[in-house]
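Trainee: give me the fold of what follows.
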Amino acid sequence: MNAQSPTSLETKLQQYPSPVEMLRQAPFGGYQFPDKPEYTNWRDEQEAWQNSVVLFDQSYHMKDVYFEGPDLQRLLSDVAVNTLKNFGANKAKQIVTCNYDGHVIGDAILFGHTEDKVSVVGRPSVPNWIEFHAVNGNYDVKVTRDERTVSNQGRRLIYRYQIQGPNALDLIKSVHEGPFPEIPFFNVGDLKIAGRRVRALNHNMSRMGGLELHGPVDDGEAVLEALLKAGPKFGLRRGGSRSYSTVSPESGWIPSPMPAIYAGDKMKSYREWLPADGFEANASLGGSFSSPNIEDYYQTPWDLGYGRHVKFDHDFIGRAALEKLVDQPHRRKVWLRWNNEDVLRIYASQLGQGERYKYMEMPNAYYAILPFDKVLVDGKLAGLSTYTVYTANVRAWFSLAMLDENIADGSEVTLVWGEENGGSKRPVVERHVQTEVRATVSYQRLNE
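Mentor: Below is the predicted model:
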């Protein structure tokens with residue numbers, strides 16, 4: 001590699017034979033959740049969102065970017081595949097963005113604070129993409145960054161607590177001061193806890209009901225103290241990073257699609273704008289799926305279950321490409337329940353002599369920010385698996401996958417676990433051999 005330090009994602013890419021090589025050599029493991037690994041134990045913490053109530057502190061790991069100004073609605077409409085007809089103040093939306101060829105850059109949560117002010121919250125891919133257009137396009141929009149903790153030299157602007165489970169609303173009502181408001185799904189309302197105004201999003205992260213609370217960071221400690229003091233009556237458990245890393249696969253959300261930014265002349269100016277020390281330039285790629293072409297790792301909205309979000313009632317980046325894809329075959333997002341015997345065989349290989357398979361850390365076995373394992377049917381590639389976890393609610397290992405749509409519910413497929421040639425050179429990957437795992441396709445959530 002060139003010894004000169006790169007200044008942007010584009011200049012860093014020029015130091016590698018291909019984008020795949022850069023991502024395959026990134027030394028990092030999975031995405032960082034800067035919280036205690038466990039507050040009690042990850043098994044009870046997982047069961048709490050199913051049986052009682054869990055509190056996750058989300059104040060640290062997501063990037064928040066605020067956009068404010070008279071051209072706000074035009075900016076959002078230009079970058080989002082979603083319609084904005086049903087969006088405004090005190091509403092939220094899962095915003096999905098694509099590149100010019102209709103491949104997904106990412107998704108995030110869009111909060112409507114006022115008619116002219118929003119925040120985009122999530123992993124950095126989407127906030128960065130929207131900020132790039134806001135500052136480089138012809139938009140009268142002010143941008144304010146609130147970086148995630150690993151990139152933040154100061155304090156966060158807000159706290160954010162996710163409270164989920166069948167007892168979540170009862171817990172929150174017990175500490176709220178005054179009549180409890182009705183907050184429709186994906187709407188934002190006001191509460192009062194410990195004398196502080198609290199903004200509450202109705203957002204079912206774990207599918208069992210609850211609210212996401214946020215407010216000024218200086219209020220966070222008092223609000224948290226009130227919730228924890230009332231918590232024992234409702235079976236509250238605090239969730240740490242180990243249990244939190246398994247929520248999204250159980251609920252069916254793929255948190256990190258491959259950002260479709262690494263190739264193509266149309267995306268070059270964006271790559272030149274992105275820093276060399278940012279998320280996109282340092283995301284790690286891992287898994288048994290191996291292709292020299294970065295675009296083989298890209299997804300369309302339909303691959304991720306977001307086809308329903310694509311609305312052609314406005315012009316947006318990627319619209320022409322998506323219009324051509326509407327009636328084409330698509331992969332479908334499913335759950336894969338891994339065969340217990342094959343999982344036990346993987347663990348048994350860690351004991352004694354002989355070949356060993358890639359270690360499966362419990363409860364989260366993905367060892368890259370962008371994990372992709374190949375799924376075979378009759379020896380042929382039928383899709384990709386991503387985000388492999390175990391939860392005490394499912395009592396099994398499983399993953400999310402994007403499979404050819406002709407694969408029936410209940411079918412058995414073969415997943416390849418581990419990397420080629422003994423594994424990549426990343427320090428988080430030990431030497432191992434690949435093995436096959438039988439898995440059963442499920443169109444329904446595994447613990448329903």
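Trainee: for residue 243, give its distance to residue 31.
Mentor: 15 Å (Cβ to Cβ, to the nearest Å). Bear in mind the C-beta positions are built from the backbone N, C-alpha and C, glycine included.
Trainee: these two: who's more crowded?
Mentor: In this view residue 243 and residue 31 are compared by other Cβ atoms under 10 Å, and residue 243 has more residues nearby, 30 against 20.
Trainee: what's the helix or strand for that one?
Mentor: helix 241-244 (DSSP states H and E).
Trainee: what's the average pLDDT for that helix?
Mentor: The average pLDDT for helix 241-244 rounds to 94.
Trainee: what packs against it?
Mentor: Using 3 or more Cβ pairs under 8 Å, 6 or more residues apart in numbering; DSSP states H and E, the elements in contact with helix 241-244 are helix 42-51.
Trainee: contacts for the helix it packs on?
Mentor: With contacts defined as Cβ atoms under 8 Å, 6 or more residues apart in numbering, helix 42-51 is touched by 38-39, 54, 164-166, 206, 208, 235-240, 242-243, 246-247, 362-363, 391-393, 447.
Trainee: report the backbone C-alpha coordinates of that helix in CSV.
Mentor: Written as CSV, here are the backbone C-alpha positions of helix 42-51 (Å, rounded to 0.1, in the frame of the first residue of the first chain):
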residue,chain,number,x,y,z
TRP,A,42,-27.7,-11.7,28.6
ARG,A,43,-30.2,-14.6,28.8
ASP,A,44,-32.4,-13.0,31.3
GLU,A,45,-32.0,-9.7,29.6
GLN,A,46,-33.3,-11.3,26.3
GLU,A,47,-36.2,-12.9,28.0
ALA,A,48,-37.2,-9.6,29.6
TRP,A,49,-38.3,-8.1,26.3
GLN,A,50,-40.5,-11.1,25.8
ASN,A,51,-41.8,-11.6,29.3
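Trainee: where in the stretch 1-150 of the chain is pLDDT low?
Mentor: Counting by pLDDT under 70, the stretch 1-150 of the chain shows low-confidence ranges at 1-3.
Trainee: try it again at 50.
Mentor: Under the criterion pLDDT under 50, the flagged ranges of the stretch 1-150 of the chain are 1-2.
Trainee: how about the stretch 201-350 of the chain?
Mentor: Using pLDDT under 50, the stretch 201-350 of the chain has no residue that qualifies.
Trainee: where do the helices sit along it?
Mentor: 220-230, 241-244, 247-251, 268-273, 279-282, 319-325, 340-348 (DSSP state H, counting those that start in this stretch).
Trainee: distance between the third one and the chain's centre?
Mentor: In other words, helix 247-251. Taking Cα atoms, centre = their mean, to the nearest Å, one finds helix 247-251 lying 10 Å from the centre of the chain it belongs to.
Trainee: packing partners for that helix?
Mentor: strand 380-391, strand 396-404.
Trainee: recalculate using a threshold of 10 Å.
Mentor: Under the contact criterion of 3 or more Cβ pairs under 10 Å, 6 or more residues apart in numbering; DSSP states H and E, helix 247-251 touches helix 42-51, strand 158-164, strand 380-391, strand 396-404.
Trainee: looking at the ones you listed, which is closest to residue 186?
Mentor: Set against residue 186 and scored by Cβ to Cβ, the helices and strands packed on helix 247-251 come closest in strand 158-164, at 14.3 Å.
Trainee: that closest one to helix 42-51, inter-axis angle?
Mentor: Inter-element angle recorded for strand 158-164 and helix 42-51: 70 degrees (by axes from the mean of the first three to the mean of the last three Cα atoms, to 10 degrees).
Trainee: buried set for the following helix or strand past strand 158-164?
Mentor: Next helix or strand after strand 158-164 toward the C-terminus (DSSP H and E): helix 168-175. Of all the residues in helix 168-175, those buried under the rule 16 or more other Cβ atoms under 10 Å are 168, 169, 171, 172, 174, 175.
Trainee: closest one of those residues to residue 438?
Mentor: Of all the buried residues of helix 168-175, residue 168 has the smallest distance to residue 438: 36.5 Å, by Cβ to Cβ.
Trainee: on the pLDDT front, check the closest one for me.
Mentor: Model confidence at residue 168, given as pLDDT, is 96.
Trainee: excluding residues flanking it in the chain, which one is nearest it?
Mentor: residue 210 (3.3 Å; Cβ to Cβ, 6 or more residues apart in numbering).
Trainee: which residue packs closest to residue 83, ignoring adjacent ones?
Mentor: Distances taken as Cβ to Cβ, 6+ apart place residue 311 nearest to residue 83, at 3.9 Å, with adjacent residues excluded.
Trainee: hang on, the one you found packs against residue 87?
Mentor: No. Residue 311 is beyond contact range of residue 87, at 11.5 Å (criterion: Cβ atoms under 10 Å).
Trainee: what about the two, which has more around it?
Mentor: Each of residue 311 and residue 87 has its neighbours counted (other Cβ under 10 Å); residue 87 has more, 19 against 14.
Trainee: so how far is stretch 51-63 off the chain centroid?
Mentor: Using Cα atoms, centre = their mean, the offset of stretch 51-63 from its chain centre is 14 Å.
Trainee: end to end, how far does that stretch reach?
Mentor: In terms of Cα to Cα, to the nearest Å, the two terminal residues of stretch 51-63 are separated by 30 Å.
Trainee: how about stretch 290-307?
Mentor: Criterion Cα to Cα; first-to-last residue distance in stretch 290-307 is 26 Å.
Trainee: buried residues in stretch 427-440?
Mentor: For stretch 427-440, the buried set under the neighbour-count rule, 16+ other Cβ under 10 Å, comprises 429, 432, 433, 434, 435, 437, 438, 439, 440.
Trainee: for that stretch, measure first residue to last.
Mentor: Stretch 427-440 stretches 32 Å from its first residue to its last (Cα to Cα).
Trainee: what sits against the residue nearest the centre of the chain?
Mentor: What sits nearest the mean C-alpha location of the chain, by Cα atoms, centre = their mean, is residue 255, with 1.7 Å. Residues near residue 255 by Cβ atoms under 10 Å, 6 or more residues apart in numbering: 31, 106-107, 122-123, 245, 247-249, 369, 386-387, 400.
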